[in-house]
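no letters, just coordinates:
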């Protein structure tokens, strides 16, 4: 009998904690041939995604993969993240969460894989003016929302 990793259980627990506290759960993942994410968002073979309930639809956190639908440029697309590729899950607001060591073999052959439906000009999943790592995106914002501190 093989032992199931604790990683998917910890990911689900941190996600639930973030949601219960009113925080936005972010998922940092390595991008390789098994990862289905929009093109143009991976930096150094990694991508950070907002996996909060308001940003995802049909979120499934299984023991081997995390799948959900999200809107990019107003069009829904399916994303697939192997649990082995998850390197962190944390709250955007305070950075609390958990980081994971890369699992064996996941840093080999990193590449960005495009969903055939995703346009090259897709907007980031997050609605903030920051890029996936917190830097300003430099893109003009056309939304009606503003940040209130």
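Now that the structure is in, tell me what you want to look at. It should be emphasised that the depicted structure is a prediction, and the values quoted were computed from it without experimental measurement.

in what helix or strand does residue 9 lie?
Following DSSP states H and E, the helix or strand that holds residue 9 is helix 7-21.

which stretches of this structure aren't confidently modelled?
For the chain, residues meeting the criterion pLDDT under 70 lie at 1, 104-149.

one more pass at 90, please.
The chain contains residues with pLDDT under 90 at 1-4, 37-43, 70-77, 101-149.

quick one, strands of it?
According to DSSP state E, the chain carries its strands in the segments 25-30, 46-50, 57-61, 65-72, 75-82, 86-91, 97-99.

right, and residue 53 touches residue 19 too?
Yes - with contacts counted by Cβ atoms under 8 Å, residue 53 reaches residue 19, the gap being 6.3 Å. Where you see a C-beta, it was placed from the backbone N, CA and C, and this is true even at glycine.

between the two, which one's more packed in?
residue 19 (16 against 11; other Cβ atoms under 10 Å).

list the contacts of the more buried one.
Residues in contact with residue 19, defined by Cβ atoms under 8 Å, 6 or more residues apart in numbering, are 25, 52-53.

any idea which of those residues is the one closest to residue 91?
Checking the contacts of residue 19 against residue 91 with Cβ to Cβ, the nearest one is residue 25 at 6.6 Å.

in the sheet, who's paired with the closest one?
Counting by DSSP bridges, residue 25 is bridged to residue 91.

who's in contact with residue 8?
With Cβ under 8 Å, 6+ apart, residue 8 has these contacts: 61-64, 83.

could you rerun that using 7 Å?
61, 63, 83 (Cβ atoms under 7 Å, 6 or more residues apart in numbering).

neighbours of the spatially closest residue to residue 30 that is not a sequence neighbour, just the number please.
The shortest distance from residue 30 to any non-neighbouring residue, by Cβ to Cβ, 6 or more residues apart in numbering, is to residue 85 (4.4 Å). Applying other Cβ under 10 Å, we find 26 residues neighbouring residue 85.

who touches residue 85 in this structure?
By Cβ under 7 Å, 6+ apart, residue 85 lies in contact with 29-30, 32, 35, 106.

try residue 10
Listed by Cβ under 7 Å, 6+ apart, the contact set of residue 10 reads residue 98.

got it, and residue 23?
Going by Cβ under 7 Å, 6+ apart, the list of residues near residue 23 reads 91-93.

over to residue 35?
29, 80-82, 85, 113.
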